[in-house]
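Q: Provided below for reference: sequence and predicted model.
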Amino acid sequence: MAVGQVDVLVGLPTLNNAATVVNIAKAIHVSFTRDLPRLRTVIINSDAGSTDGTPELIRDASFEHGDMVQTSHSLRTMHRVVTPYHGIPGKNTALQSLFAAAVLTQAETLVVIDPAGPATTAERVTELITPIWRAEVEFLAPRYRRHPRDGALVTQLVRPLVRAVYGVELDEPLGAEFACSGRFASHCLEQDIWQQDAATFAIDLWLRTEAIAHGLTIGQIWRPPTASAAPTTLRQAVRQILLSLLVALRAHESFWHTASDAVKLPTWGDDRTKCPGAAEWDHVALAVQAQHDISEIRPLLEGVLDPAVLSRLVDEIGATDPRLDDELWVRIVYDFLGASNRGSAGMDHLADMFVPIYMWRAARFMSFTAHEPDDVAQTRLNTLCDAFLRLKPLLVNSWTVEV
Amino acid sequence: MRTDAHAEPFAPASMPMYRSADPLWYKDAVFYQLHVKSFADSNGDGIGDFPGLTAKLDHVSSLGVDCLWLQPMYPSPFKDDGYDISDYVNIHPSYGTLQDFERFLEQAHSRGLRVIIELVLNHTSDQHAWFAEARSSRDNPRRDWYVWSDTDDRYRGVRIIFIDTELSNWAWDPVSKSYYWHRFFSHQPDLNYDNPAVRDEVWQVMKFWLDLGVDGFRVDAVPYLVEREGTSCENLPETHDVLKELRAKLDAHFTGRVLLAEANMWPEDVRPYFGNGDEFHMSFHFPIMPRIFMALRLEDRKPLIDIIERTPSIPDTCQWAIFLRNHDELTLEMVTEIERQYMWDEYAKDPRARINLGIRRRLATLMEGDRRRVQLMSGLLMSLPGSPIMYYGDEIGMGDNMYLGDRNSVRTPMQWSNGVNAGFSNADPERLWLPLVSNALYGYQAVNVDSQQRNPTSLLNWTRRLIEVRRSTRVFGRGSIEFLKPANHRVLAFTRTLGRERALVVCNLAGTAQVAELDLSALAGAIPIEMFGGSIFPRIGREPYPVMIGPYDFYWFRLRWL
């Protein structure tokens, strides 16, 4: 690669992001020019075959004029590499290309910016680069200001599970953006995750958990609220997350079995954004739908859930005075993960069974917190994290039990 | 009067056999800058002198350079390294006599070497007889030769140049009970160029030396000659008028002489000093120098290309003077704050290396003694647009002494041999005007002319070859430059074009081997012939031309259509 050895590589995986990429590329350029003038830098756009001119926009964007670099002047040549990647289009293939580029250029720091993510400014690009470049951490994950009633899949499932299982208080295990050391990129490239079918959607979670399991120093950085994820059905989303969790847990089994507590992570940047409002949910309708669906699949659940757990679930669904039973929810999740690992049923079937239970849990949390102050709702989320941690031995048992 | 007794029979003084008879010789010339006091001492007083310099002219001549530039050699109290002149038409007694100078000049000319000397126009020493008269009374006829005021509030807002030592541009004269104007040190009163008598006298000074045979002047501190209320008192139109007047007189009386301006400014700001070819023949290109160093350290051609591309064109009869090192610090005035900090961090980690806004080190030490980097830097100096100026001692990789005051670190005696006082002087070592560099890496025992003379692969002999190759074509002195910009930013590649003559230069700025694909399609059909060894490279086609190049290596190709 003509770019040669670099200090910082910023990757921009794209697929039809014409609306945002020019501003993002300019922000990166200003960051390089104004804040990191001494470093050897490169922007690499790894494109999945955009049809809206995304690569051309990046290649042709002029960064030398206008209001960007009036007072600053880069010491070095600024490289932009636009390259389509080969293989099956997907996040994992794009990241694999960027990791390979990082290895090839011996980059000390790799930053991946999500072109569909929150508005990127030069300051935010620099904030992502700096802790890695200064070797203060080796992996930096974004942290978003969320309303406690927003992003239930994260707050009710992924966050507390990852905290409990991996022993790290990581807020956003699924974020698309991150920064890491070149050493970690090189390590990841050697793992066998890339060719797995699930890697397309499991890669974000795997990267974070791999960083934890590999013993990297990890930090978080405040970022603006992320835009909504790509449109997908709830079933698809739940399925993908279950599978992602399974891929990660299988990969790091020897690590998480012995991990304990939940270590706090250092956080960089300012929490400059105002907390967004609560998501509007028709939790009553959601609960009715969930109740109906769970009743229909009850016989199937007998093969997944512990009888006592299933009994409690049935009681809860039919209760006239429902409770927010964290322990029940945690046990269900752990039973499902155990069943997934044991292969008690196909992933599609398990996901189909899990969807109404998740809907029930989400609706229950919404209804309980609908009239509560935000801080009380947040406390409930923290309590849930504690429950996941406290009951972790159940997962270990469920995971390893011989059927 | 010329002392023909010393003239060599094959080169009578009346017919100097210059290496180029072209009136525009300075466009092709390689200059060699030296301190008389640091070059060679003939009388054992520890200070270099003109007889000593004359005896060493064969060394200078053997380098293949065209012109010597001498640091100030005038009588002076030496409060500013001789730039405080107390007599413009004589030689400092430590350096010899006027006759010694004439003999030196004659011998230089006899070897085809031209000589330019310093001309400090802006100010004199306060020890000069003109100033003594001017301050003696307000009625003295020379009173108006300097800039006086009863108050110190005229020309308010004009910047102070030496902010470390001066509080004002006005100094109180207790003799005449008034203030005098000085842009530099307070012991250097500014001449009043609004006075026609001053302009005439300065011309007489120039004519004195020109009549003796000097080939031009390096004119010091040119932007400050004239003062006007409400202005910065720099680069004023009236200053240009003075300079044009002197140039017109020069042209009316002499041919083939050159005026070289010292104006440490951005190239676009220096451009007016060329006028329409009717002001200075040459001017230093200050900003290019730190960027050569920067490009090498960054392993990135960007800084160099940026500054050359922002350099305006100049009249055909004019030329830029470029250099790597000189008698001053490696000045970092013409860089941004970020660039300056970078240069300090990379080239002056030891705070003792820093002085003013620059670095007081020589080329070899800046390159950490790496022969490959020294050669690359010299290769760049000799191939970039402009006439190169080499600083004495750099041809053998002399070191410096940061423990000496001011900029004396780079003014130590020339290292001729590994004998007593490096062959510079027979004086007791304690008497040398500056101590010799004597450390294990750069000391005269290891780095000297004699030993390098005996080694065919020495830096000295390589430098001679470099200059010889440069002199084989005019394209480096007069050609246009076009950058090629291959994807690999560590490779600097450019062509120089003069009529049908064309050279291709490829430099690896990195300490690792590099490859670059050059777009030479516009030169399809040409055969690159490597200029140092004559090797013929594959003919250029329409396809990208791959060039593999070792660490800090460079190629000069002559392009031939055969």
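A: Great, that's in hand.
Q: only C-alpha atoms for contact and neighbour calcs from this point on.
A: Will do.
Q: show me the contacts for the spatially most central residue of chain A.
A: Centroid-nearest residue in chain A, with Cα atoms, centre = their mean: residue A:174, separated by 0.8 Å. Contact partners of residue A:174, counting by Cα atoms under 8 Å, 6 or more residues apart in numbering or on different chains, are A:154, A:204-205.
Q: residue A:395 versus that one, what's the distance?
A: Going from residue A:174 to residue A:395 by Cα to Cα, to the nearest Å gives 21 Å.
Q: quick one: low-confidence parts of the stretch 51-200 of chain A?
A: Counting by pLDDT under 70, the stretch 51-200 of chain A contains low-confidence residues at A:63-73, A:86-88.
Q: close to chain B: what parts of it are there?
A: A:75-77 (Cα under 8 Å from any Cα of the partner chain).
Q: still on that earlier bit, looking at the contacts of residue A:174, which are in strands?
A: Among the contacts of residue A:174, the subset assigned to strands under DSSP state E is empty.
Q: host element of the closest residue to residue A:395 other than its chain neighbours?
A: Leaving aside its sequence neighbours, residue A:395 sits nearest to residue A:334 (Cα to Cα, 6 or more residues apart in numbering or on different chains; 5.0 Å). Secondary structure from DSSP states H and E places residue A:334 in helix A:326-342.
Q: quick check: residue A:355 touching residue A:237?
A: No - Residue A:355 is beyond contact range of residue A:237, at 9.3 Å (criterion: Cα atoms under 8 Å).
Q: neighbours of the residue in the stretch 151-300 of chain A positioned nearest to chain B, how many?
A: For the stretch 151-300 of chain A, the residue closest to chain B is residue A:182, as judged by Cα to the nearest Cα, at 20.6 Å. Counted with other Cα atoms under 10 Å in any protein chain shown, the neighbours of residue A:182 add up to 28.
Q: what sits closest to it if chain neighbours are left out?
A: residue A:108 is the one closest to residue A:182 (Cα to Cα, 6+ apart), at 4.7 Å.
Q: and residue B:135, by the same measure?
A: residue B:176 is the one closest to residue B:135 (Cα to Cα, 6+ apart), at 5.3 Å.
Q: now do residue B:227
A: Excluding the flanking residues, the one nearest residue B:227 by Cα to Cα, 6+ apart is residue B:233, at 4.8 Å.
Q: I figured the one you found hits residue B:239, correct?
A: No - if you go by Cα under 8 Å, residue B:233 and residue B:239 don't touch, sitting 9.2 Å apart.
Q: give me the common contacts of those two.
A: Counting by Cα under 8 Å, 6+ apart, the shared contacts of residue B:233 and residue B:239 are B:224, B:226.
Q: rewinding a little: the residue nearest to residue A:395 and residue A:307, how far apart?
A: 14 Å.
Q: the more surrounded of the two?
A: Taking other Cα under 10 Å, residue A:334 and residue A:307 do not tie; residue A:334 has more neighbours (24 against 12).
Q: hey, where'd the strands end up in the stretch 201-350 of chain A?
A: A:218-223, A:267-268 (DSSP state E, counting those that start in this stretch).
Q: tabulate those strands (TSV), appending mean neighbour count and distance to residue B:209.
A: As requested, the strands of the stretch 201-350 of chain A are exported to TSV (neighbours: other Cα atoms under 10 Å in any protein chain shown; distance: least, Cα to Cα, whole Å):
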stretch	mean neighbour count	distance to residue B:209
strand A:218-223	23	71
strand A:267-268	18	69
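Q: those strands into JSON lines, with extra columns for mean pLDDT?
A: Output for the strands of the stretch 201-350 of chain A, formatted as JSON lines (pLDDT from 0 to 100):
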{"stretch": "strand A:218-223", "mean pLDDT": "93"}
{"stretch": "strand A:267-268", "mean pLDDT": "93"}
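Q: and the ones you listed: which comes nearest residue A:59?
A: Set against residue A:59 and scored by Cα to Cα, the strands of the stretch 201-350 of chain A come closest in strand A:218-223, at 26.6 Å.
Q: so which elements touch the closest one?
A: helix A:122-133, strand A:139-144, strand A:267-268 (3 or more Cα pairs under 8 Å, 6 or more residues apart in numbering or on different chains; DSSP states H and E).
Q: most neighbours per residue, which of the ones you listed?
A: Among those, strand A:139-144 has the highest mean neighbour count (mean count of other Cα atoms under 10 Å in any protein chain shown), at a mean of 25.
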